[in-house]
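Q: Here is my input, please return the structure:
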Amino acid sequence: MRSVRFTHAGEDYLLARTLHDGFKQLEPVMLFNLNQDPHEQYNLAGVKPDLATRGLALLAEWQNQQILTSAATIDPMMTVLRAGGPFHTRGTLPTYLARLRATGRMRHAERLARLHPDEL
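A: Here you go, the predicted model:
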């Protein structure tokens, strides 16, 4: 996950881009108004797509700056993703899905199975 904080019309926003949700069922793009929602409970990405696009552009701009100025030639986040995602999740999805199903959380299990078919 990478995030960017920015101001628009006097309001502070946080945009988070998630590439692997760590089995937390996070949306790939989340936008929060930090003034009205300091606990980041209400994702506004679908309601304010223009602001989500602006946040994604700011994030891409930052990433490009890092690529151009970093002494490192490898992005640590890409290393983690290519290795199979967060270490604590590697190889655990089948067991986690079984636990969700056994405890009556079938809906969550099915969604995770759809989101991560390559990890089954």
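Q: Okay, helices next: where are they in this protein?
A: Here the chain has its helices, by DSSP state H, at 49-69, 76-82, 93-102, 106-115.
Q: Using CSV, write out the CA atom coordinates for the helix or strand of the chain with the lowest mean pLDDT.
A: Least confident helix or strand of the chain, by mean pLDDT, DSSP states H and E, is helix 76-82 with a mean of 89. Extracted in CSV, the C-alpha atoms of helix 76-82 (Å, rounded to 0.1, in the frame of the first residue of the first chain):
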residue,chain,number,x,y,z
PRO,A,76,11.2,-2.7,-2.2
MET,A,77,7.4,-2.9,-2.5
MET,A,78,7.7,-4.6,-5.9
THR,A,79,10.1,-7.1,-4.3
VAL,A,80,7.5,-8.0,-1.7
LEU,A,81,4.7,-8.3,-4.3
ARG,A,82,6.8,-10.5,-6.6
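Q: And the contacts of it?
A: 2, 19, 20, 86, 87 (C-beta atoms under 8 Å, 6 or more residues apart in numbering). Bear in mind the C-beta positions are built from the backbone N, C-alpha and C, glycine included.
Q: who's in contact with the residue nearest the centre of the chain?
A: Centroid-nearest residue in the chain, with C-alpha atoms, centre = their mean: residue 18, separated by 1.7 Å. By C-beta under 8 Å, 6+ apart, the contact set of residue 18 is 1, 26, 27, 28, 29, 30.
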